[in-house]
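> next input, structure requested:
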Amino acid sequence: MIKSKLISVFFIMATVMACKGQSQTNVTINEPNKEQTQSIKKTIMENKMKVEIWSDVMCPFCYMGKRKFELALAEFEHKDNIEIVWKSYQLMPELDKGTPTDLEKILVEKRGIDINQARQMNAQVAQAGKQVGIEYNFDKALAVNTFDAHRFLQFAKANGKANEAEEVMFRSYFTDGKNVGDYSVLIQLGKEIGLDSDALKTALENGSYANEVRADISEAQQVGVRGVPFFVFNRKQAVSGAQDPQTFLQTLEKSFVEWRKDNPETKLEIIDGKVCTPDGECD
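Residues are numbered from 1 along each chain as shown. Modelled structure (predicted):
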């Protein structure tokens, strides 16, 4: 069961009092001196509604679900007010971290079917993927323990590249047939999306972000995740699976209305003047 967590952020200023009963608060920080040439502008200060997505690299429906959610988000009026938070999940934590296994062989063993049936199933998924612009090459995909791949994703998230990392990871696994358990592959992928190669190499080699991966997996159990992809909207609504874009759009709209009631816009009227910035510039 998803527990509702309402997070409100209040900015308290010594000389400012908010008017009761207003959904939007206009705050005057200071009155400009007539001799000043400073400009006045309005800035919106607010949080964003979170959409948390649990997924695994080796899950074809996670890749498809990502694409369908993106199609819905592109149509959503308030897309700039949405924060996507990617979460780690492992479908097959028992897989070897070293030697990758043919994905079709894994499917045969897991489902108890023959190779032709496995290929037919994959062909159906591949056809569905084409409809949203995904090229699945299941005959090239290498099944491997994804724990280190998730550590890479956590590193990317900590460096503001979560969405880019998820995309390049899915493409590398399902389209290019790369071994996403290989550090050299992960470092190259990081380089592609602008991550610091040396810092990433160090993080992978010293076991960094393992706790973050485990925390996400543990949290998934608490939330009620039984399979991926699993989308949680504002900790109140959830969508399981690679649903149609319309389903995601409707859930976004419903969740956002509820979120906005608890998180009204706070507009500050700010007077621009000479300031010093952290990079040492004073102007």
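> just the helices from the stretch 1-150 of the chain, written as ranges.
60-75, 103-111, 115-130, 147-158 (DSSP state H, counting those that start in this stretch).
> want to throw those into TSV with mean pLDDT?
Formatted as TSV, these follow (pLDDT from 0 to 100):
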stretch	mean pLDDT
helix 60-75	98
helix 103-111	91
helix 115-130	97
helix 147-158	98
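> give me the buried positions along the strand or helix carrying residue 199.
Taking DSSP states H and E as the criterion, residue 199 maps to helix 197-205. Within helix 197-205, the residues that count as buried by 16 or more other C-beta atoms under 10 Å are 200, 203-204. Every C-beta, even on glycine, is put in place using the N, C-alpha and C of the backbone.
> what sits against residue 217?
By C-beta atoms under 8 Å, 6 or more residues apart in numbering, residue 217 lies in contact with 88-90.
> would you map out the domains in this structure?
Domains of the chain are assigned by automatic domain parsing as 1-47+266-283, 49-259.
> distance between the ends of the longest one?
Across its full length, domain 49-259 reaches 7 Å between end residues, using C-alpha to C-alpha, to the nearest Å.
> name the helices or strands packed onto the helix holding residue 199?
Applying 3 or more C-beta pairs under 8 Å, 6 or more residues apart in numbering; DSSP states H and E, one finds that helix 197-205 contacts helix 147-158, helix 183-192.
> what residues of the helix or strand that the first one is followed by count as buried?
Going back to what we said before, that points to helix 147-158. As assigned by DSSP H and E, the chain's next helix or strand after helix 147-158 is helix 162-170. Within helix 162-170, the residues scored as buried using 16+ other C-beta under 10 Å are 162, 164-166, 168-170.
> how about stretch 132-150?
132, 134, 136, 138, 141-150.
> now the longest helix belonging to the chain, how far from the chain's geometric center?
Secondary structure assigned by DSSP state H gives helix 245-262 as the longest helix of the chain. Put simply, helix 245-262 sits 17 Å off its chain's centre (C-alpha atoms, centre = their mean, to the nearest Å).
> ok, stretch 193-201 next?
Put simply, stretch 193-201 sits 19 Å off its chain's centre (C-alpha atoms, centre = their mean).
> can you list the neighbours in contact with it?
The contact list for stretch 193-201 (C-beta under 8 Å, 6+ apart) reads 152, 155-156, 159, 161, 164-165, 168, 183, 186-187, 190-191.
> go again with 10 Å.
If you take C-beta atoms under 10 Å, 6 or more residues apart in numbering as the criterion, stretch 193-201 is touched by 151-152, 155-156, 159-161, 163-165, 167-169, 183-184, 186-191, 202-203, 208.
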